[in-house]
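Trainee: any chance you can model this:
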Amino acid sequence: MSMERIYLFDTTLRDGQQTPGIDFSVEDKIAISKLLDEFGIDYVEGGYPGANPTDTAFFARKQTHAAKFTAFGMTKRAGVSAANDPGLVALLQSKADAICLVAKSWDYHVAVALGCTNEENIESIRDSVKAVIASGRESLIDCEHFFDGYKANPDYALACAKTAYEAGARWVVLCDTNGGTQPDEVRRIVSAVIASGIPGASLGIHAHDDTGQAIANSLAAVEAGVRQIQGTLNGIGERCGNANLITLIPTLALKKVYSDRFETAIDADRLTGLTRLSHAFDELLNRSPHAQAPYVGASAFATKAGIHASALLKDPRTYEHVVPESVGNFRKVMVSDQGGKSNFLNALKRIGLDVAKDDPRLDTLISIVKEREAQGYAYEGADASFELLARRTLGTIPHFFDIEGFRVMVERRFDANGQLKTVSEAVVRLIIDGHRIMSVAEGDGPVNALDLALRKDLGKFNREIEELELVDYKVRILNGGTEAITRVLIESMDGDGTRWWTVGVSENIIDASFQALIDSIIYKLMKNRHMAGKIAAE
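Mentor: Numbers count the residues shown, from 1 in each chain. Modelled structure (predicted):
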């Protein structure tokens, strides 16, 4: 029996950007599109070129290698030709491989939102699809409010979808824009669309999660014949979010009811990168990964003490619906000493440290990590700091330098032109090979000044850190009030493009930042000596 292909369409950078509190920069979009492309997603919808400067800049060049780089926009306006519609022209000038146009398919919206006749809307769909195809791009149509439109006027909703298909659209995507449709309705309506003459191999589903059923609706659509699924990383999106691809992908790959019939671009090897993809995306958003997220959450395969834990240790299948490692996650038996040890042994193995189960240094490391995590450290998002802590506890780290102390001053003053400005100055005192070094620098802020001072004079190590660059800095307040515990995560990069994260925690944001900066420099010095860096280089 031949397998049918399901295509994965990610709209994190377009529909996901509608999420309250999320606003991607061009750099964010480039980083996320790279994650999606490398993971194996078929279509990466990057935004709406021509509608805002960020998306226009993002689409000035092609951002993906394997995935189809997809631009979003609207069908042409009524009364204007496709060639003279500025929105459509901007899309056709972008570096997109495919163009996804949103089209009204509910007659109520045609009258209220567009203010044109039903026939003019049909004409706009037809002419816009033809213009995209004529430009050499793949054409997709998002039939907005399709399910509500079908329930109100099935003939007109079907006419909109069939017009797009007959004009040559590769995909006609049925959208549950308000997120209120139920799975049995999705199945029934998709079946009616296929019966009307649009094959399932040309149909997509775009579900919203307003009743908590975006995933169920997507799977119901697949059962009915749809062969493209649209969704977002970690289910972000407008209002309650979109269908969560991080949950859908492993369900399609690991559940026999789907995996026996369908295949996606995500094979078993790629699937092991799922947890890393989900958590890397959350780190980019500067938010904590959802612990109870299916498949990828820290608690997804966590079991507390009692009969569950003992049964799990005898045979994991007793309380696990899939193997944790298949999605890049791992088992946590939270109270069991054995369970804790196996997790640490796996983490250490990944960084090239082989330790015996009965090595007392392993118990020491586990207790240090537990104590530090209780203080607020998060080693899951700071692999470099974890590696340094492990190597300090289990082996040896060369002694590079001693820190005698540091001081940071922030002064608000008027400059020579009478403009009010804030100046930060940092002083760092180091001892290298018995010589005291004092380094002073001014920066845009206290952390920047500290970073510059620390790296300005590192004695004999100066040349080794010339290419070291601080590329991201995130602060998370772990409790309320002015005496809050602060966690700082710093992302660093060196000349060969390797990136690593380090962490610091303190009641003082400058002290937390200093801890993370020192770890970053020591990690770089270790990496130069091939004594660290297996995680970062993966």
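Trainee: run through the bridge partners of Gly443.
Mentor: Taking DSSP bridges as the rule, Gly443 bridges to Ser424.
Trainee: ok, how many other residues are close to it?
Mentor: 17 (other CB atoms under 10 Å). C-beta: built from backbone N, CA, C; applies to glycine.
Trainee: hang on, isn't it packed against Asp451?
Mentor: Yes. Under the criterion of CB atoms under 8 Å, Gly443 makes contact with Asp451 at 7.0 Å.
Trainee: which helices and strands sit right next to the helix or strand where Ser278 lies?
Mentor: Ser278 is part of helix 274-284 when elements are defined by DSSP states H and E. For helix 274-284, the packing partners by 3 or more CB pairs under 8 Å, 6 or more residues apart in numbering; DSSP states H and E come out as helix 26-39, helix 245-254.
Trainee: tell me the angle the longest one makes with helix 245-254.
Mentor: Going back to what we said before, that points to helix 26-39. Put simply, helix 26-39 runs at 0 degrees to helix 245-254, going by axes from the mean of the first three to the mean of the last three CA atoms, to 10 degrees.
Trainee: and the helix or strand that comes right after helix 26-39, which strands flank it?
Mentor: Using DSSP H and E, the helix or strand that follows helix 26-39 in sequence is strand 43-47. Take DSSP bridges as the rule and strand 43-47 pairs in its sheet with strand 7-10 (parallel), strand 68-74 (parallel).
Trainee: what is the rounded mean pLDDT of strand 43-47?
Mentor: Computed over strand 43-47, the mean pLDDT rounds to 98.
Trainee: send over it as CSV, restricted to the C-alpha atoms.
Mentor: Only the C-alpha atoms of strand 43-47 are listed here, as CSV (Å, rounded to 0.1, in the frame of the first residue of the first chain):
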residue,chain,number,x,y,z
TYR,A,43,6.3,25.7,3.5
VAL,A,44,7.5,28.6,5.6
GLU,A,45,5.1,31.5,5.4
GLY,A,46,7.2,34.5,6.4
GLY,A,47,4.7,37.5,6.4
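Trainee: what does it contact?
Mentor: 7-11, 13-15, 17, 29, 33, 36-37, 54-55, 58-59, 63-64, 67-72, 96, 98, 100 (CB atoms under 8 Å, 6 or more residues apart in numbering).
Trainee: report the next helix or strand after that strand in sequence order.
Mentor: On the C-terminal side of strand 43-47, the nearest following helix or strand under DSSP H and E is helix 53-58.
Trainee: where do the helices of the stretch 401-538 of the chain begin and end?
Mentor: Using DSSP state H, counting those that start in this stretch, the helices of the stretch 401-538 of the chain run over 446-456, 509-528.
Trainee: for the ones you listed, which has the smallest mean pLDDT value?
Mentor: helix 446-456 (a mean of 90).
Trainee: mind giving me the packing neighbours of that helix?
Mentor: Against helix 446-456 (3+ CB pairs under 8 Å, 6+ apart) you get strand 402-414, strand 420-432, strand 435-443, helix 509-528.
Trainee: relative to strand 402-414, how tilted is the shortest one?
Mentor: Think strand 435-443. Strand 435-443 and strand 402-414 are oriented at 30 degrees to each other (the same axes, to 10 degrees).
Trainee: tell me the buried residues in strand 435-443?
Mentor: For strand 435-443, a neighbour-count test (16 or more other CB atoms under 10 Å) marks Ser439, Ala441, Gly443 as buried.
Trainee: can you list contacts of that strand?
Mentor: Contacts of strand 435-443 (CB under 8 Å, 6+ apart): 404, 423-431, 449-454, 456-459.
Trainee: now, of these, which are buried?
Mentor: 424-428, 430, 449-454, 457-458.
Trainee: quick one: average confidence on the helix holding Ser278?
Mentor: 88.
Trainee: shouldn't Lys357 be within a helix?
Mentor: No. Assessed with DSSP: H, G, I helix; E, B strand; the rest coil, Lys357 is coil; it does not lie in a helix.
Trainee: what residue ranges in the stretch 1-150 of the chain score low on pLDDT?
Mentor: 1 (pLDDT under 70).
Trainee: SS state for Gly352?
Mentor: coil.
Trainee: I'd like the numbering to begin with 68 instead of 1 from here.
Mentor: In the new numbering, first residue 68, that becomes Gly419.
Trainee: kindly provide the distance from Arg337 to Asn575.
Mentor: 42 Å (CB to CB, to the nearest Å).
Trainee: looking at those two, which one has more neighbours?
Mentor: Neighbours per residue (other CB under 10 Å) separate Arg337 from Asn575, with Arg337 holding more: 18 against 13.
Trainee: returning to that earlier point: so what touches the helix holding Ser345?
Mentor: Helix 341-351 is contacted from outside by 79, 95, 98-99, 102, 106, 300-301, 313, 316-317, 355-357, 360, 362-363, 394-396, 447-448, 541, 556, 568, using CB under 8 Å, 6+ apart.
Trainee: which members of these are classed as buried?
Mentor: Counted by 16+ other CB under 10 Å, the contacts of helix 341-351 give 79, 95, 98-99, 102, 106, 300-301, 313, 316-317, 356-357, 360, 362-363, 394-396, 447-448, 541, 556, 568 as buried.
Trainee: buried set for stretch 228-244?
Mentor: 228-232, 234, 236-244.
Trainee: where does pLDDT dip in the stretch 318-467 of the chain?
Mentor: 370-385, 399-407, 409-410, 413, 447-448.
Trainee: quick one: the helices in it?
Mentor: Using DSSP H, counting those that start in this stretch, helices in the stretch 318-467 of the chain cover 323-326, 335-338, 341-351, 374-381, 404-417, 427-442, 450-461.
Trainee: the stretch 118-267 of the chain now?
Mentor: Under DSSP H, counting those that start in this stretch, the stretch 118-267 of the chain gives helices at 120-125, 153-159, 174-176, 185-201, 213-219, 221-233, 250-262.
Trainee: which other helices and strands does the shortest one contact?
Mentor: Using 3+ CB pairs under 8 Å, 6+ apart as the contact criterion, the elements in contact with helix 174-176 are helix 213-219.
Trainee: which other residues reach the helix it packs on?
Mentor: Contact partners of helix 213-219, identified using CB under 8 Å, 6+ apart, comprise 171-176, 210, 223-225, 227-228, 241-245, 247-248, 252-253, 256, 259.
Trainee: what are the buried residues along it?
Mentor: Phe213, Phe214, Asp215, Gly216, Tyr217.
Trainee: ditto for stretch 358-373
Mentor: Ala360, Pro361, Tyr362, Val363, Gly364, Ala365, Ala367, Phe368, Ala369, Thr370.
Trainee: between the residues you listed, which is nearest His273?
Mentor: Pro361 (20.5 Å; CB to CB).
Trainee: ok, the residue nearest to that closest one when sequence neighbours are not counted - contacts?
Mentor: Closest residue to Pro361 apart from its sequence neighbours, by CB to CB, 6 or more residues apart in numbering: Thr314 at 4.8 Å. Counting by CB under 8 Å, 6+ apart, Thr314 makes contact with Ile282, Gly302, Ala360, Pro361, Tyr362.
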